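Visitor: Got a predicted model here, sequence first, then my questions.
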Amino acid sequence: MDNFNIALKSFRDNIKDISTSLQHIYKQVPQSHIPSNLKEAHAHLSVLNENINSKPKEPAFPIISFKNKRSKTSDVAPNIVPEPLTHRLTTATREKFHLFSANQRFARLHSNQKYRRPKFSRISHSRPVPKHTRYDPIANPIDITAEEQELGIFNITNMGLIRKDANLDSFFELPSLQSKKVTLNTFSSQFQSPVSERKIFTTAVETCVKHKRTDANSPDLIRIEEITSPIGNKRMNNVMETVEKYYLIVKRGKFNTTADFESFRKTYKNKWRTMDEVLTQTEALCKKLRYPKVILDGKKLYDLEVDEVRPLTISKLHSCILNHLEAKSTIKLHKIIYRGKAGRHLAALKIQTAFRCYYAARQYRHLRALNIKAKIIQLYFRLYLKKLETKKNISLVRKERISKFTNRIEQFKQNWGKIKKSYRTEIHLGTLQPDKTCNFYYAKQNSQLMRVFALADPLLSIIYISPVDLHNDITEYYYSVLTLCNIPNVRSRLKFLTPNHGLNMENLYSTSKLLFLASKTINEIKDMIKGKIAYIVPNIPCEDDIWLSDLLDIPTMCTEPGLASCISTKTGCVPIFKSIDIKTPLQISHIKTPDEFYNTLSRLIYEHLDKDIWLFKINHETKSRGLAFFDTTKLKSVMKYRKYDVIKEEYLIEIHTELVKVLPISVKLVMITLWESWHSFLHAFCLYGGIIEETPHSRNNIASPCISICIEPDGGIVYLCAVDRMQSRDYFNAGVYYPQSSLPHGEILEIGWKIGKELYKNGVIGYAVIELVAFPDPYVDGGLPVYWGIDIRLNLGIITSAYFMFNVLVGGFVEGSSGKYYIEFEEHEDEFAVVEDLFGDDFTNFLTTTKPMRMRNEYILNKVINDQDQEEDKNVEDFNKFDERCFLFCWHVEHPDLSDLSIGGLFHMTRLESMTYSIETCKGAAFTIYEKLTNYHFGIMGIGNNRQDSIRVLSETFSFILQQAGPPPQPPSSFKPPPCEDYNLNELITKVKSVHKTLEKINKTGKKNYLVELL
């Protein structure tokens, strides 16, 4: 027993000495530089030391139990029941070493318990591979330690020291596969400690002895600094000899006398003279290289210089240094690196290096910026090339379609003689150019609804394309009117279609564009015209009409859009008038800037001081939209110079100076709500082009006749109608009178024929409207009026559509010599017999009778001007058989208070108030409905036996509207509304009523030729 206690005490002392040495190493060396096996050995030693030094528990004595409970002074011996010895030993061992028993119960994880993810700890500290080695391991290799060699080739490959695709078959032989018995674990083995009980007392010692420290070239693997311990300690020397590695520390150019240094000197004392010289050289090199602290591998240093003393090189010294990174990081400090004689040279090198790096970086940044800009330029250049290519493709497609369009037109011209005598279908499009300032844009396209009255031709069928859905009351209205006018098979010959496009109608689209985008409607039209003769009749020709013609593979009753838009301008029509010797007013065009405008106008006023009014017209605008005028009597200088007989050149400067000041204030804009100011009008005038035009000398007795013709594809010129325009205010057109009476009818026909032929020579076919200005001859009193040609519009406008409706409603004919319109009665009967038999229609305000006084004339093709085969005119002087008819048509009547009234309610009120149209007498008011009355926009046609009677009918209709809806609201004056068209109903009603009163006075006084004064 004594021997056992002595051995146990010696074992405790050894463990205590080893633990003290390891603790001393832990204090001096950072944790990151200590090997993992040394840490593991220290941990096992700590556990073993605690277990040995722990106080032993009291022995498990036998349990004493008393069979009979008696007093404590009883001398009866207790009954002792001993426990089994094996159970006591097992329990003591498990409690001492914290082991678990096989039958110990553990709480299992239930559904109501949260799972906690186990924390993983790092079991190995692998050395990171330097950046330059990772990029190129062949050109920048590093030394592989012995421990890394023991880990295996796969670990070295994963570290990146060997390429993963390298062939390693030549370096080692792969072991053959062998079958081994599978070790099966029991259920209780998962709860046991991973360390077996058999080796629990020897694990720490074996680990410490067997796992010796090996050579390491990398300072990241291990760094051991200054180690201090008492010399002569026998037990410490035994441990250091077991380690077999010497760490020599050079601090500030001198070796520190540490335990490793003493052990190194003791080991190699036989060759210490040689090693002393090597160590002296090492100190000199460290001082020269200014290393503050270096840790050297003593054994490696000895191996290099053991044979003979040689001059120690820097490369050899570096191969023995263990703390490379620390030495390099310390030497980079400016306080150290630039000391000594070579400091200035090193500093200069550093400055040069830094500047070269800075300059190269700046050049690189500049090059990178240039590269980015070059990429952007290349991108936009490619987009530009793509755009050019797209434009080229579009132009090629356009040329191809225009060539097809031209071929269809040529074939259409050749076959027109047969087509107009055959059953045919017309597709009508009321196209207008999109304009946000145009009120009721889609309704104004539907103002072409009166085209459906062309069904008076029994060989014609019509497909009308509406841009918006037409209410059922509107379609029923036109069906009913055509049926009451004895047009056969109306519902089968007239179809209303709306393009099924699915677009947002807040953006403005023309009817042709909507139809082009509606493929379903296109297919429906193809089915309707399959096997039939069909062609398109547009309003204003545009590019979309060409695409529609190509899609439907049918011709169009119009010319090429580019030519049409050129001729239908204020400047484009002038060559047509001059080529046929029709006079035009003095005009100046091609004005590009406001200064040029003022200079040109000043020159015109200076050269024509007798002219009072000058008109300014924008090229592409119509219906008084782009129109303004200036009265030169507002200029004091003009009124002064008119009195002079001789006009000098100096007067021009004074006129120009005054004009620049007075014109923006005194100019009159006809559609004043369409323009914000005179400057906006002038900007549009210079941007889109326009003309400055003179007016007749006299302000009175000026008329504005318009001639509507049709240029047939075979060159025939058909006269349709001629009207006089009515102006509600100066130069603002609000209605038309039919027939015109400002020029002789023969002269009207001659003008229409000449212009039609000239247009046909230029390749124009279809409908055209010629606008003129007629006024008395200022040089011949009582002579024929003089006229000027001012505009040509190549479209089937609202004037022609209104005549189609009037012709169907009245059912008469045009007398060839006078141009007046007459109806014919078979016999004269008592009017009261007719009145008693009148009855109305629910969808219209028309009245008809079961006993008609006359038969409606059969449809006659419109006569071609200068046709030698024309029939002789009828004798219309028989008042018992013929009666004249006229109409006054106002196409835009706008009253907001009518929005609550339905179409049926409006016609019901007209019948109650006798505001009707009689089909038998061909007198009364007829309405043209464009859309639902919720948009309070429609037209009114007053028909009578003369102009006074038609004005009376329209005046009574306006009185009826005011009675039902009240006076129209005045435009707001507190704020400026957005630019839009202005059709003031108050001005229109005032104009119609004043003309009506004037005509009544003229009839009472007995004056006859009142028409010129009226116009």
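Guide: Now that the structure is in, tell me what you want to look at. What you see is a predicted model; the values in this text were computed from it and never measured.
Visitor: so what secondary structure elements neighbour the host helix or strand of Ile372?
Guide: Using DSSP states H and E, the element containing Ile372 is helix 343-419. Contact partners of helix 343-419 among helices and strands, from 3 or more Cβ pairs under 8 Å, 6 or more residues apart in numbering; DSSP states H and E: helix 543-552. For every residue, glycine as well, the C-beta is placed using N, CA and C.
Visitor: other SSEs contacting the helix it packs on?
Guide: So helix 543-552, by 3+ Cβ pairs under 8 Å, 6+ apart, packs with helix 343-419, strand 424-429, helix 511-517, helix 519-528, strand 534-537, helix 561-567.
Visitor: Residues contacting the last one, please?
Guide: The set of residues that contact helix 561-567 without belonging to it, under Cβ atoms under 8 Å, 6 or more residues apart in numbering, is 540-543, 545-546, 558, 572-573, 576, 620, 759, 762-764, 792, 794.
Visitor: is the residue nearest to Ile554 when sequence neighbours are not counted in a bridge, and if so with what?
Guide: Among residues not flanking Ile554 along the chain, Ala534 sits closest, at 5.0 Å (Cβ to Cβ, 6 or more residues apart in numbering). On the basis of DSSP bridges, Ala534 is bridged to Thr425.
Visitor: thinking again about what came up before, just put the helices and strands packed on helix 543-552 in a markdown table and tack on mean pLDDT, distance to Leu669 and mean neighbour count.
Guide: Output for the helices and strands packed on helix 543-552, formatted as a markdown table (pLDDT from 0 to 100; distance: least, Cβ to Cβ, whole Å; neighbours: other Cβ atoms under 10 Å):
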| stretch | mean pLDDT | distance to Leu669 | mean neighbour count |
| --- | --- | --- | --- |
| helix 343-419 | 91 | 38 | 12 |
| strand 424-429 | 92 | 32 | 22 |
| helix 511-517 | 88 | 30 | 24 |
| helix 519-528 | 91 | 40 | 14 |
| strand 534-537 | 92 | 34 | 21 |
| helix 561-567 | 88 | 25 | 18 |
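Visitor: Out of those, flag the one nearest Pro594.
Guide: Of all these, helix 561-567 sits nearest to Pro594, with 25.5 Å by Cβ to Cβ.
Visitor: from the chain's centre, how far out does the closest one sit?
Guide: 33 Å (Cα atoms, centre = their mean, to the nearest Å).
Visitor: Determine the set of other helices and strands touching whichever helix or strand comes after it.
Guide: On the C-terminal side of helix 561-567, the closest following helix or strand by DSSP H and E is helix 574-579. Packing contacts for helix 574-579, counted by 3+ Cβ pairs under 8 Å, 6+ apart, involve helix 745-761.
Visitor: So the residue nearest to Ile554 sits against Ile427, correct?
Guide: Yes. Shown here, Ala534 and Ile427 form a contact pair, counting by Cβ atoms under 8 Å, at 6.5 Å.
Visitor: shared neighbours, the two?
Guide: Common neighbours of Ala534 and Ile427 (Cβ under 8 Å, 6+ apart) are Leu552, Ile554.
Visitor: Leu615 belongs to a helix?
Guide: No. If the criterion is DSSP: H, G, I helix; E, B strand; the rest coil, then Leu615 is strand and not within a helix.
Visitor: For the residue nearest to Trp675 when sequence neighbours are not counted, grab the count of nearby residues.
Guide: Residue nearest to Trp675 in three dimensions, not counting chain neighbours: Phe681, with 4.6 Å by Cβ to Cβ, 6+ apart. The number of residues packed near Phe681 is 23, by other Cβ atoms under 10 Å.
Visitor: State the distance from Phe681 to Glu693.
Guide: Separation of Phe681 from Glu693 (Cβ to Cβ, to the nearest Å): 15 Å.
Visitor: do you know how far Gly343 is from Leu349?
Guide: Counting by Cβ to Cβ, the gap from Gly343 to Leu349 is 11 Å.
Visitor: is it true that the residue nearest to Trp675 touches Ala628?
Guide: Yes. Counting by Cβ under 8 Å, Phe681 touches Ala628, with 5.9 Å between them.
Visitor: any common contacting residues for the two?
Guide: Phe616, Leu669.
Visitor: In contact with the residue nearest to Trp675, which residues?
Guide: Phe616, Ile618, Gly626, Ala628, Leu669, Trp675.
Visitor: So which of the residues you listed belong to helices?
Guide: Within the contacts of Phe681, no residue falls in helices by DSSP state H.
Visitor: Out of these, grab the one that's most surrounded.
Guide: Going by other Cβ under 10 Å, Phe616 tops the contacts of Phe681 with 25 neighbours.
Visitor: Would you confirm that that residue contacts Gly689?
Guide: No. Phe616 is beyond contact range of Gly689, at 11.8 Å (criterion: Cβ under 8 Å).
Visitor: what's in contact with stretch 469-482?
Guide: Against stretch 469-482 from outside (Cβ under 8 Å, 6+ apart): 446, 449, 452-453, 455, 490-491, 494, 496, 498, 808-809, 841, 843-844, 846, 902-904, 926, 929-932.
Visitor: redo that, cut-off 7 Å
Guide: Under the criterion Cβ atoms under 7 Å, 6 or more residues apart in numbering, residues 449, 452, 455, 490-491, 496, 498, 841, 843-844, 846, 903-904, 929, 932 lie in contact with stretch 469-482.
Visitor: How about stretch 638-654?
Guide: Outside stretch 638-654, the residues that reach it (Cβ under 7 Å, 6+ apart) are Ser602, Arg603, Ile605, Tyr606, Leu609, Thr632, Thr633, Ser637, Ile655.
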